[in-house]
Structures are given as C-alpha cells and as structure tokens.
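[1] turn this into a structure:
(one chain, ligands or ions: 1)
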Amino acid sequence: MIELIGYCKSESSALRRDIEALVRLESPSDDKAAVDRCGDALVSMLDAAGGRVARLPQENRGDHVRAEFPGGPRRVLILGHFDTVWPVGQIERMPIREEDGRLHGPGVYDMKASIAIALLAVRALEVHGQARPRIVMLWTTDEEVGSATSRALIESEARESDAVLVAEPSLPGGACKTQRKGCGEFNLKVHGISAHAGIDPRLGASAVHELARLILAVEKLADPDRGVSVNAGVISGGTRPNVIAETAEAAIDVRAPTMADAARLDEQFRKLQVTDPRVKIEVTGGFERPPLERTPGVARLYLQARDVARALGRDLGEGGTGGGSDGNFTAALGVPTLDGLGPDGAGAHALHEHVLLADLPWRAAFMAALLQGINGGAE
Ligand SMILES: [Zn+2]
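    This is a model prediction of the structure:
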C-alpha cells in the first residue's frame with residue numbers, strides 16, 4: 001500500500017500536466033464544440049492508460065466519454081463530469097497558477113483534477129501488477145446543467161456495478177460525502193384576469209397578488225431544522241403598474257434530505273390552493289435529483305474507505321452537502337455510492353477555485369487502494 005503512495009508521488013509532474021491540459025481546454029456545459037475538444041484530450045489520456053474508450057455522441061451537449069479497464073471479479077463505476085460552469089475565456093480571468101501550494105484555474109477543483117487522479121490510480125494498480133476490479137469510468141458533459149442527457153446512462157452503468165465512486169471534489173479538509181440533499185425546481189404559473197387598475201379594479205383578478213400569497217405559503221413548507229429548504233429565486237409577472245396582472249410566474253428551488261421529505265414536499269406543491277377562485281394555478285417541475293441518503297450500503301462503503309485511508313496514514317472524515325451530484329442518482333438505485341473522492345481544495349463555482357497540490361498524489365494512491373479493497377484484494 002505504501003508503495004502506491006511512493007509511485008503516485010513520483011508521478012506528480014505527470015499528474016499536474018494532465019490537470020493543466022484539461023483545465024486549459026475550457027468546457028462549459030452549453031458549448032458542445034469546446035466540451036468535445038476537452039473530450040478529445042480526455043479520450044487520448046484514457047487510451048494511454050490502457051482503457052477501452054468509447055465516445056457516446058450527443059447532439060446538443062458534449063459527447064460523454066466511457067472507458068473500461070479489465071479486471072475482476074467485482075465491478076466499480078468511477079463517475080464524474082468534465083463540463084464546468086465557466087464560459088470559454090474565463091481562463092484569462094482565472095489563469096492557471098500555483099500559489100501557496102494551491103493550483104488555481106477554472107474547473108480545476110470541480111472536477112478536472114479528479115479525472116487526473118482517477119487515471120493515476122488506475123495506472124498505479126497496473127504498474128504494481130495489483131489485482132483491480134473491472135473499472136468503468138464515465139465522464140459526462142452535462143452534470144452542471146442537471147444531467148438530462150447522461151442520467152439514463154449513469155443509472156444503467158450503476159445497476160451493473162458493485163459500487164460507485166463519485167470523483168466530485170471532497171469537502172474542504174478532505175472528507176468524503178455520504179449524504180447529499182435531493183434537489184428540484186417547481187414552477188408556479190398563475191393565470192388571473194386583467195383589468196384597468198383604476199377604472200375596473202373589481203373586474204380584475206391579479207395574478208401577481210395571488211402569486212405573492214402563494215410564495216408566502218410555500219415559504220412555510222421549508223423546515224430548516226430538518227434541512228428542507230424552499231427558495232423562490234425568480235419571479236415575474238404583470239405588464240404595467242396600472243394593469244391588473246393577467247399572469248405571474250415563480251421558479252422555486254427545493255432541497256430535501258430524504259426521499260420521504262421530497263415526496264411530502266412534492267405532494268404539498270401539487271396541492272397548493274389559490275385564494276381568489278377566479279385565478280388558476282399551474283404547478284410544474286419537481287425533484288430532479290433524489291437525495292443521496294446514508295443508507296447501510298453507503299455507510300459500509302464509507303467504513304471500508306476509512307480503513308483504507310487509515311492504512312495510508314490518514315483519517316477520512318465524512319459529511320453532507322446541500323448540493324446534488326450524479327451520485328444522487330446511483331445511490332437512489334440502492335447501489336453503494338461514495339461521493340467526494342476528488343481532491344481537497346475549495347472554491348467550486350467561485351473565482352478562487354483551487355486544489356491543494358500536496359494532496360493529489362495521496363488521493364490517487366487512496367483511490368487505487370480503495371479499488372483494490374472493493375475488489376476484495378490484499379491490503
Ligand atoms: Zn462537479
């Protein structure tokens with residue numbers, strides 16, 4: 001095990017070269033050409049690491065990339081994405097630079113360094129001739145925009161796997177993620193009756209006023225102590241101050257820690273009532289990602305990872321987050337899922353995004369040893 005660390009340390013410069021190459025190829029989810037350029041580089045890297053690589057063509061998003069590395073008897077899915085939230089050109093504002101042991105750059109923490117870590121982990125097992133599970137890596141291109149084109153693919157790969165390792169960044173300080181809230185968006189559309197606000201106020205039924213009452217009602221559905229949140233983030237409606245508004249809309253973000261909370265919230269949204277009977281309400285949307293709950297399967301995988309980390313000299317903490325990932329889908333299927341196995345660092349979706357350079361080789365060695373452990377291999 002210790003030799004894995006030695007090997008990964010000796011590969012630090014190759015690791016960094018891969019990270020920088022991926023970061024330089026900026027890949028915002030909504031720019032297919034740019035994402036595919038990054039995908040080209042990724043395909044070559046996976047190919048060089050000995051994977052059987054396939055591009056999964058997409059019309060409007062970048063092509064997803066799948067690579068398979070032979071092994072067994074168990075099968076592990078390593079899951080991540082190479083789209084980022086940053087537009088092309090962001091790298092001018094956030095140039096790749098090292099400062100105080102931190103490597104900065106757009107997408108470096110979420111989650112291009114993770115890709116290089118996973119590649120090094122697989123190479124480390126190969127070089128040391130150590131048994132490894134059959135590994136499928138799935139690097140997707142639309143995680144930052146809800147995973148509409150990758151979800152079915154992720155779920156079918158997960159169903160075939162004994163465990164899913166999600167390479168999303170770790171929590172600041174290096175802990176992994178054993179809980180994520182489910183996330184969704186509800187849209188309220190209110191249809192009222194327009195009228196002249198001064199001449200015929202009684203003939204009108206204001207969609208804006210009704211929406212305001214509805215927002216107060218949905219605010220009450222939140223339960224901060226349980227971690228259930230409701231946020232009317234965007235509202236619109238009406239045309240002019242002197243017109244009673246015919247329509248109004250709100251987009252509402254919801255988060256819930258358990259399936260039961262999510263189901264309850266869903267039901268409450270569907271049952272929303274208007275106070276003015278002349279007004280109609282339309283509720284659409286719902287939960288897009290189910291919660292990643294700390295099921296016994298998740299807990300077992302975490303405890304195994306903690307033992308592996310301990311053998312490599314570190315305490316591996318665990319924690320939860322309000323943000324979702326593609327691990328939410330795999331955990332909801334009942335497949336043991338451990339999330340947050342990517343690098344330590346900070347600043348996802350923020351200008352100070354960075355990874356801690358000194359942490360990277362350890363992460364790769366840890367992932368290698370964990371793969372071996374899941375396969376039932378020697379420690
Ligand atoms: Zn991410």
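[2] Leu188: what secondary structure?
    Here Leu188 is recorded as strand under DSSP: H, G, I helix; E, B strand; the rest coil.
[3] the residue of the stretch 251-379 of the chain found nearest the ion: neighbour count?
    Per C-beta to the ion, Ser325 is where the stretch 251-379 of the chain lies closest to the ion, at 6.1 Å. Any C-beta I mention is one placed from the backbone N, CA and C, and that applies to glycine too. If you count neighbours by other C-beta atoms under 10 Å, Ser325 ends up with 28.
[4] tell me which helix or strand Ile235 sits in.
    Secondary-structure element containing Ile235, defined by DSSP states H and E: strand 229-237.
[5] my bad, should have said Arg264
    Going by DSSP H and E, Arg264 is part of helix 259-270.
[6] next one: Leu221
    Under DSSP H and E, no helix or strand contains Leu221.
[7] that one contacts Ser229, doesn't it?
    No - judged on C-beta atoms under 8 Å, Leu221 makes no contact with Ser229 at a distance of 9.6 Å.
[8] under the pLDDT cut-off, which ranges of the chain? List them.
    Within the chain, the ranges that satisfy pLDDT under 70 run 377-379.
[9] contact residues of it facing the ion?
    110-111, 168 (C-beta under 5 Å from the ion).
[10] repeat that for 6 Å
    Counting by C-beta under 6 Å from the ion, the chain comes close to the ion at 81, 110-111, 143, 168.
[11] which non-adjacent residue is nearest Asp47?
    With C-beta to C-beta, 6 or more residues apart in numbering as the criterion, Asp47 has its nearest non-adjacent residue at 5.2 Å, and that residue is Val53.
[12] the one you found: which element?
    Take DSSP H and E as the rule and Val53 turns out to sit in strand 52-56.
[13] so which elements touch that strand?
    helix 32-48, strand 64-69 (3 or more C-beta pairs under 8 Å, 6 or more residues apart in numbering; DSSP states H and E).
[14] which strands and helices sit next to the helix or strand just after the shortest one?
    If I follow you right, that is strand 64-69. Downstream of strand 64-69, the first helix or strand assigned by DSSP H and E is strand 75-81. Using 3+ C-beta pairs under 8 Å, 6+ apart, the elements in contact with strand 75-81 are helix 113-127, strand 134-140, helix 151-159, strand 163-166, helix 327-332, helix 360-374.
[15] list the buried ones in stretch 253-271?
    Residues of stretch 253-271 classed as buried: 254-258, 261-262, 265-266, 268-269 (neighbour count, 16 or more other C-beta atoms under 10 Å).
[16] list the contacts of that stretch.
    179, 181-186, 218, 221, 223, 226-231, 233, 283, 286-287, 290-291, 293, 320, 322, 332 (C-beta atoms under 8 Å, 6 or more residues apart in numbering).
[17] and it, C-alpha only, in PDB?
    Presented in PDB, the C-alpha positions along stretch 253-271 are these (Å, rounded to 0.1, in the frame of the first residue of the first chain):
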ATOM      1  CA  ASP A 253     -35.600  25.800  -5.700                       C
ATOM      2  CA  VAL A 254     -36.300  23.000  -3.300                       C
ATOM      3  CA  ARG A 255     -33.900  20.700  -1.300                       C
ATOM      4  CA  ALA A 256     -34.700  17.700   0.900                       C
ATOM      5  CA  PRO A 257     -32.500  15.300   2.800                       C
ATOM      6  CA  THR A 258     -34.600  12.200   2.500                       C
ATOM      7  CA  MET A 259     -36.900  10.600   0.000                       C
ATOM      8  CA  ALA A 260     -39.800  11.000   2.400                       C
ATOM      9  CA  ASP A 261     -39.200  14.700   2.700                       C
ATOM     10  CA  ALA A 262     -39.000  15.000  -1.000                       C
ATOM     11  CA  ALA A 263     -42.300  13.100  -1.500                       C
ATOM     12  CA  ARG A 264     -44.000  15.200   1.100                       C
ATOM     13  CA  LEU A 265     -42.800  18.500  -0.500                       C
ATOM     14  CA  ASP A 266     -43.900  17.300  -3.900                       C
ATOM     15  CA  GLU A 267     -47.400  16.500  -2.600                       C
ATOM     16  CA  GLN A 268     -47.700  19.900  -0.900                       C
ATOM     17  CA  PHE A 269     -46.700  21.700  -4.000                       C
ATOM     18  CA  ARG A 270     -49.300  19.800  -6.100                       C
ATOM     19  CA  LYS A 271     -52.000  20.700  -3.500                       C
END
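[18] chain center to it: distance?
    Relative to its chain's centre, stretch 253-271 lies at 20 Å (C-alpha atoms, centre = their mean, to the nearest Å).
[19] helix, strand, or coil at the residue positioned nearest the centre of the chain?
    Residue closest to the mean C-alpha point of the chain, counted by C-alpha atoms, centre = their mean, is Ser325 at 2.5 Å. At Ser325 the chain is in coil, as set by three-state DSSP.
[20] measure the residue nearest to Pro241 when sequence neighbours are not counted to the ion for me?
    Distances taken as C-beta to C-beta, 6+ apart put Ala197 closest to Pro241, at 7.3 Å, once the chain neighbours are dropped. Taking C-beta to the ion, to the nearest Å as the criterion, Ala197 is separated from the ion by 47 Å.
[21] neighbours of Ala197, how many?
    Ala197, neighbours per other C-beta under 10 Å, totals 15.
[22] also Leu351?
    Other residues lying near Leu351 total 11 when counted by other C-beta under 10 Å.
[23] tell me the contacts of Leu42?
    Residues near Leu42 by C-beta under 8 Å, 6+ apart: 22, 65, 82, 115, 139.
[24] swap in 10 Å and give it another go.
    Applying C-beta atoms under 10 Å, 6 or more residues apart in numbering to Leu42 gives the contacts 18, 21-22, 25, 27, 35-36, 53, 55, 62-63, 65, 67, 82, 112, 115, 119, 137, 139.
[25] nice, that's everything, thank you.
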